[in-house]
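# Got a predicted structure here, sequence first:
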Amino acid sequence: YFYSNETTPSWKKVNYNSVYKDIAGLLEDEDYDDGSYGPVFVRLAWHASGTYDKKTRTGGSDGGTIRHPAEAGHGANNGLEHARDRLEPLKKQYPNISYADLYTLAGVVAVQELGGPTVRWRPGREDKTEADCTPDGRLPDASQGADHVRDIFYRMGFNDQEIAALVGAHALGRCHTSRSGFEGPWNASPTSFTNFFYTELLNNTWVPKKWNGPFQYVDKQSGQFMMLPADMAFKKDSEFRKYVEKYAADQDAFFEDFAKAFAKLLELGVKFPEDAPVYEFKTLE
Ligand code: HEM
Ligand SMILES: Nc1cccc2nccn12
């Protein structure tokens, strides 16, 4: 191997433990939303990956195509420039990392540093050009119900249990009228990764929000929490509800299932180099 004329691939020149630490250093900012970029980092990693179509084997996080205007401009991706711009300095600092790896790793750092489970992650995604951007319409529409949610996630290759585990990420962050048009919530802990999406969904009485924005729900008791129509599907649909009840009762079960499903999401459609190591980063917090 001394004489191999193979150059070392770029992904092998990056210290991912160092990148993890530097992404963690970008999380807190009291001037942004509820004080953390974590939630919008998770949404960026998810939207970069959720375009995958298992039939045509197109889309997914490989290529980092969500950075191109052709894809960044899709309505569902409104506001994700906040995450991309926050991460841009790290691309300069680590020129050998792909955007595709950087964006997915940021989602892993956010989940772990906000108190969530350890999420396995592999490097080796390669950036692609605008030509590889996916068409609009691959991500879910929040105004629709269970049938639409299943169409979108079955297309990616997920089952009901995995879909129900993934939506628990809605314990994080908030909706922004300037981005999706939906509003709120001002819930108790938008920067902590918990099973509160499930407990709130089940335990609160949800009523239509009285306003002239898009149809959404607000909790009758405090008016402090919100749910999307698509969120409500996880309470109304008996198959999804099974898992909502399980995760509301058992945070450890939620953490275990979320870690598996989120790791799978971030790897949809990626052909990794055989020698790409699987990282289980140590949480710093
Ligand atoms: C079930 C289908 C889903 C629908 C319809 C949906 C829709 C939405 C909408 C409309 C917002 C508000 C965006 C804004 O105005 O800023 C949002 C936020 C968010 N979503 Fe989802 N989502 C879904 C699944 C997921 C999944 C699978 C994840 C991650 C695993 C996720 C993570 C998030 C996070 C972390 C936020 C908060 C972002 C922030 O605070 O900036 N969502 N989602
Ligand atoms: N935080 C948050 C973001 C997106 C959707 C959602 N539903 C309930 C809470 N929630």
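Perfect, I can see it now. Ligands and ions are numbered 1, 2, ... in the order given.
# Show me the shaky parts of the stretch 51-200 of the chain.
186-187 (pLDDT under 70).
# And the residue of it that's closest to ligand 2?
His170 (3.8 Å; CB to the nearest ligand atom). Quick note: C-beta positions are derived from backbone N, CA and C, even for glycine.
# okay, now that residue: neighbour count?
25 (other CB atoms under 10 Å).
# Spit out the contact partners of Cys133.
Contacts here follow CB atoms under 8 Å, 6 or more residues apart in numbering; on that basis Cys133 touches Thr65, His68, Ala70, Glu71.
# how does the protein divide up, domain by domain?
The chain is divided into the following domains under automatic domain parsing: 11-138+262-267, 146-260.
# any chance of those in TSV, plus distance to Asp275?
Below are those laid out as TSV (distance: least, CB to CB, whole Å):
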stretch	distance to Asp275
domain 11-138+262-267	8
domain 146-260	23
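# Show me what from the protein comes close to ligand 1.
Contact residues, the chain versus ligand 1 (CB under 6 Å from any ligand atom): 39-40, 42-43, 46, 79, 140, 142, 149, 166-167, 169-170, 172-176, 179-180, 182, 228, 230, 262.
# of the residues you listed, buried ones?
39-40, 42-43, 46, 140, 142, 149, 166-167, 169-170, 172-176, 179-180, 182, 228, 230, 262 (16 or more other CB atoms under 10 Å).
# Just to be sure, which of these are found in helices?
Pro39, Val40, Val42, Arg43, Trp46, Val149, Leu166, Ala230, Phe262 (DSSP state H).
# hmm, which two among those residues are most spread apart?
Greatest spacing in those, by CB to CB: Val40 and Val149 (21.5 Å).
# Spell out the residue ranges of the strands in this protein.
Using DSSP state E, the strands found in the chain span residues 206-208, 217-219, 226-227.
# Please identify the deepest-packed of these.
When you average the neighbours per residue for each of the strands of the chain (mean count of other CB atoms under 10 Å), strand 226-227 leads with a mean of 24.
# if you look at that one, does any of it touch ligand 2?
Yes: under the criterion of CB under 6 Å from any ligand atom, ligand 2 is reached by strand 226-227 at Met226, Met227.
# Which strands and helices lie in contact with that strand?
Judged by 3 or more CB pairs under 8 Å, 6 or more residues apart in numbering; DSSP states H and E, the packing partners of strand 226-227 are strand 217-219.
# Strand partners (parallel or antiparallel) of the strand it packs on?
Next to strand 217-219 in the sheet, as set by DSSP bridges, lie strand 206-208 (antiparallel), strand 226-227 (antiparallel).
# Kindly reformat those strands as CSV and extend each row with distance to Phe197.
Listed next are these as CSV, based on distance: least, CB to CB, whole Å:
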stretch, distance to Phe197
strand 206-208, 13
strand 226-227, 9
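# Save the ones you listed as CSV, and put in mean pLDDT too.
CSV is the format used below for the strands paired with strand 217-219 (pLDDT from 0 to 100):
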stretch, mean pLDDT
strand 206-208, 97
strand 226-227, 96
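# Of all the ones you listed, which one is nearest Leu268?
Between those, strand 226-227 lies closest to Leu268; by CB to CB that is 26.4 Å.
# got the residues of the protein near ligand 2?
So the chain meets ligand 2 at His170, Gly173, Arg174, Cys175, Pro185, Pro190, Met226, Met227, Leu228, Asp231 (CB under 6 Å from any ligand atom).
# Could you report the neighbour count for the last one?
The reference is to Asp231. Asp231 has 19 nearby residues by other CB under 10 Å.
# Distance-wise, check it relative to Arg138.
As judged by CB to CB, to the nearest Å, Asp231 and Arg138 stand 20 Å apart.
# How about Asn17?
Taking CB to CB, one finds Asn17 at 33 Å from Arg138.
# what does Asp31 give?
Taking CB to CB, one finds Asp31 at 33 Å from Arg138.
# more neighbours, these two?
More neighbours surround Arg138 than the other of Asp31 and Arg138, with 20 against 5 (other CB under 10 Å).
# How much space separates that one from Lys12?
31 Å.
# swap in Lys209?
If you go by CB to CB, the gap between Lys209 and Lys12 works out to 50 Å.
# Among the two, which residue is more densely surrounded?
Lys209 (18 against 14).
# Run a quick check on that one versus Asp219, I expect a contact.
No: using CB atoms under 8 Å, Lys209 makes no contact with Asp219, being 9.9 Å away.
# Next up, the contacts around Ala276.
Here Ala276 is in contact with Trp11, Arg122, Pro123, Gly124 (CB under 8 Å, 6+ apart).
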